[in-house]
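Novice: Predicted model, plus sequence, below.
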Amino acid sequence: MFQNSAWTGLLFVAGIFWGSVECGIPQVGWGALVGCLSSTLSGMVIGKHRSDGENGLWGFNGTLVGCAFPTFFDETLLMWVALVICAMCTTWVRRGFNNVMAPWKANSLTFPFVFMTWMFLLCAKTLHGLPEYGLSSPTLDSTFVSSGVPDLTQLITYWLKGISQVFLIDSWVTGIFFLAGLSICSYWAAIWAAIASALSLALGYLYGADPHSLANGLYCFSPVLTGIALGMTFYQVNWRSALWCIAGIIATFFIQAGMNSLMEPFGLPTLTGPFCITTWLFLLPRYKMDVRSNPDHSDWPVSHAEGALTSQQEDDMKEKDKIES
Amino acid sequence: MFQNSAWTGLLFVAGIFWGSVECGIPQVGWGALVGCLSSTLSGMVIGKHRSDGENGLWGFNGTLVGCAFPTFFDETLLMWVALVICAMCTTWVRRGFNNVMAPWKANSLTFPFVFMTWMFLLCAKTLHGLPEYGLSSPTLDSTFVSSGVPDLTQLITYWLKGISQVFLIDSWVTGIFFLAGLSICSYWAAIWAAIASALSLALGYLYGADPHSLANGLYCFSPVLTGIALGMTFYQVNWRSALWCIAGIIATFFIQAGMNSLMEPFGLPTLTGPFCITTWLFLLPRYKMDVRSNPDHSDWPVSHAEGALTSQQEDDMKEKDKIES
Amino acid sequence: MFQNSAWTGLLFVAGIFWGSVECGIPQVGWGALVGCLSSTLSGMVIGKHRSDGENGLWGFNGTLVGCAFPTFFDETLLMWVALVICAMCTTWVRRGFNNVMAPWKANSLTFPFVFMTWMFLLCAKTLHGLPEYGLSSPTLDSTFVSSGVPDLTQLITYWLKGISQVFLIDSWVTGIFFLAGLSICSYWAAIWAAIASALSLALGYLYGADPHSLANGLYCFSPVLTGIALGMTFYQVNWRSALWCIAGIIATFFIQAGMNSLMEPFGLPTLTGPFCITTWLFLLPRYKMDVRSNPDHSDWPVSHAEGALTSQQEDDMKEKDKIES
């Protein structure tokens, strides 16, 4: 499952299973497998881009669906059927969204997973056959819990959980697995994941975010993804892109906090929505982040005209890198 | 009004009037006429594509607005003024949305009606002069009603109402009128409408949807439209597109259930929003559904570059077929 | 700050300061300056389009952010930090949104301000460090206040406040400053602002909008912007575009009313969102508003193919005019 390096993938799988067993919901691990298989198989049946499937481009949205369903729904047969349907849908929803975004050389990131999972989670309130489990009930007002001061050990735990929550796993051990997996593929990916989790944790304490959410890493997983995406996937590593990436991490923190309120009336989790939105906002301006001065921005309209044909392929290549995260 | 066959149109008009009189709200029938006239006239005044108007492309959104307003608002003079304004707006909103979607060869379907009607329905809470009628009040939580087992006669009634609700009519007789109207133009349209209504009714009972909504066809009308769109309008009829269409009907069912919760905090009906969203999700991947193997997907970027000039015309042709539904 | 005529700008600054002092929140004036500086500086650091910055294209979203933050948040150090971050973000969010809309020759208007401010306002509920001030609490149902009949003096006050609320200032004196500033640059801008505010005030009384909101100009500021945009910025002044503009003002009124309900479950103000949405809906159909008969609409697909390269520049030119409003 999704890696270019088989070892990274193995560590990710190990991390997901460890975390799901530790949290007492081993079905999350099985869900990840089923989700990955469903979306990959449907991609094989319907699609012809064999190379996509081989590199896990069909699988990563399905895997996330597979992690999310057993986390938020009661485990029933109907849940597993819905999981398979939802995971299959991500395959073509991803292709559709990528088509829409191709003229701007952006791609759908994890949004196919986010969009379809939101839709199915919303069903929990209207379909008796999909009872929710662990979803917050819809509210209009949130009250603030007073925040004690955490010690260093706790902070490190929270920081690692921020990384494991990328796959909805609430376990610091999984965080170590993920960091190890990332550093096999790219040191920079691991470094940016670490910086992003720490920075958003600090912002969370500074701006007085809900301490319970902070302790479970819920303010960190989207910034972690943004950090990897902006810090080393979509731009070359240099000091300009590093500043850009830090700005992106800060923006993700506030958009995470904002979306937490936005989703409250629906009782929905944000999933990795804040990551998708912020990364789009930071990719769409199409600033060049070369260190060498490159003063013309005229590339945008030109590439819009000429680049259409190759943008799909470029996207795929970028995404190939991206999903190693 | 919207048909290529005058007989289909006549049966639709008859169906709308029968249903609106049966439900005790004959103004729905008159609203449909006024809405159709308003949007067609404003299209004639402002536009130059005469052929659009002749084929009813301006009228169908206006007609839906005309069915929706008397259903959801108290009948007052101000309501009729707002109906005319809203119906007129759909003419240029449709053109604007079609322009936006032209590069992807998609079109706005019934979304101009959905979008503008949502906006005006939301006004019911803030404008004293547009008092609501029949809108559910905004809630955060829905409780499940225990579902009795319906007998066969009831099931057939629900199934036919699922078809009549396409025009917001709650009457099984209207459903028969609509099926008859469809089969005059195309047997496949009638067959897919029948399959879609039955399939989503079955899914509704399987997944325990609200039995009251099921009985009124509220889970079926969007799948009916998706079925006609994917089954015979946008793709040729063959076994590949048939499987694709069934996947689309299933997805529409879940998106309908999800949007039912999504709209609850606003007290809004989903209208045909689930149909629009699902059909876009299934058109945007631009899979080829030919039975002959046609392994290259490279058409997308090419057609993006070349096809811009003709896409508008192609859309119009497709839509011409589509709106017979 | 944002003007082509320095005198217009001076009158706007004077109006903002007068209004903010009159309302007892002088920090709004300082916020406007800080916001304008933040977004312009970040534009200078990151961008190369020097001419943009010189004409205030970076500054106007930042200025609006600067007016909004002290209006809706308690004044704390953390609020000022967030204000600077949000204002800086508008610079690249504006560029990103403009890139997205370039193929349709539309631009982002004030939406970068609206989008980023919504996100940060939502944070008020989840971040302890950004306590809200003056935000309505989230509700599901609004009750109507009975409306007394205002006399002429009151009506004129409301009408002028409708203009001052463009910058979130609740003061009729500021309205006069703004009208004067507009008429220096363009009589038509001032005339359309006056017509739009009066027309939406009249519609508000006709349709029974909340009298408290009407009295504070909250139904008028979006129509004022739509009036200036459609009446003289994006189209030439003639009788066809005048009718189009009046239709736009009426549509903005209803979309304002609708968005007031839409935002209620989130406790958010609409800001200038209704202006952005309506103006897009009226620009995207790309109707020609020449008085000379110009019957072919075929320009759209052609310009889509060829126009990509120049659209950015055209946008900038149009926007240069626009922001004088």
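Specialist: Nice, thanks for sending it over.
Novice: what about A:M289, is that helix, strand or coil?
Specialist: coil (DSSP: H, G, I helix; E, B strand; the rest coil).
Novice: Tell me the spacing between whatever residue of the stretch 51-200 of chain A ends up closest to chain B and chain C.
Specialist: Chain B sits closest to A:H128 of the stretch 51-200 of chain A, with a gap of 2.7 Å, by Cβ to the nearest Cβ. C-beta here means a position set from N, CA and C on the backbone, and glycine is covered the same way. Using Cβ to the nearest Cβ, to the nearest Å, A:H128 is found at 24 Å from chain C.
Novice: That residue and B:A209 touch, don't they?
Specialist: Yes. At 7.2 Å, A:H128 counts as touching B:A209 under the criterion of Cβ atoms under 8 Å.
Novice: Between the two, which is the more surrounded one?
Specialist: For A:H128 versus B:A209, neighbours defined as other Cβ atoms under 10 Å in any protein chain shown are more numerous around B:A209 (26 against 16).
Novice: for the more buried one, what are its contacts?
Specialist: A:T126, A:L127, A:H128, B:L203, B:Y219, B:A257 (Cβ atoms under 8 Å, 6 or more residues apart in numbering or on different chains).
Novice: If we use 7 Å, what do you get?
Specialist: Contact analysis of B:A209 by Cβ atoms under 7 Å, 6 or more residues apart in numbering or on different chains lists A:T126, A:L127, B:Y219, B:A257.
Novice: Can you select the buried ones among those for me in ChimeraX?
Specialist: Buried residues within the contacts of B:A209, by 16 or more other Cβ atoms under 10 Å in any protein chain shown, are selected in ChimeraX with:
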select /A:126,127 /B:219,257
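Novice: returning to that earlier point: pretty sure the residue of the stretch 51-200 of chain A closest to chain B contacts B:G208?
Specialist: Yes. Here A:H128 lies in contact with B:G208, judged by Cβ atoms under 7 Å, at a distance of 2.7 Å.
Novice: So which residues on the stretch 151-300 of chain A come close to chain B?
Specialist: By Cβ under 7 Å from any Cβ of the partner chain, the residues of the stretch 151-300 of chain A that approach chain B are A:P265, A:F266.
Novice: Tell me the residue of the stretch 151-300 of chain A that sits nearest chain B?
Specialist: Counting by Cβ to the nearest Cβ, the stretch 151-300 of chain A gets nearest chain B through A:P265, at 4.4 Å.
Novice: which residues of the stretch 201-325 of chain A fall in helices?
Specialist: A:211-215, A:221-228, A:239-263, A:273-283, A:299-306, A:308-322 (DSSP state H, counting those that start in this stretch).
Novice: give me the element the residue nearest to A:M232 when sequence neighbours are not counted is part of.
Specialist: Spatial nearest neighbour of A:M232, excluding adjacent residues (Cβ to Cβ, 6 or more residues apart in numbering or on different chains): A:W188 at 4.1 Å. Assigned by DSSP states H and E, A:W188 belongs to helix A:187-206.
Novice: Name the residues of that helix that come out as buried.
Specialist: The neighbour-count check on helix A:187-206 (16+ other Cβ under 10 Å) flags A:188-201, A:203-205 as buried.
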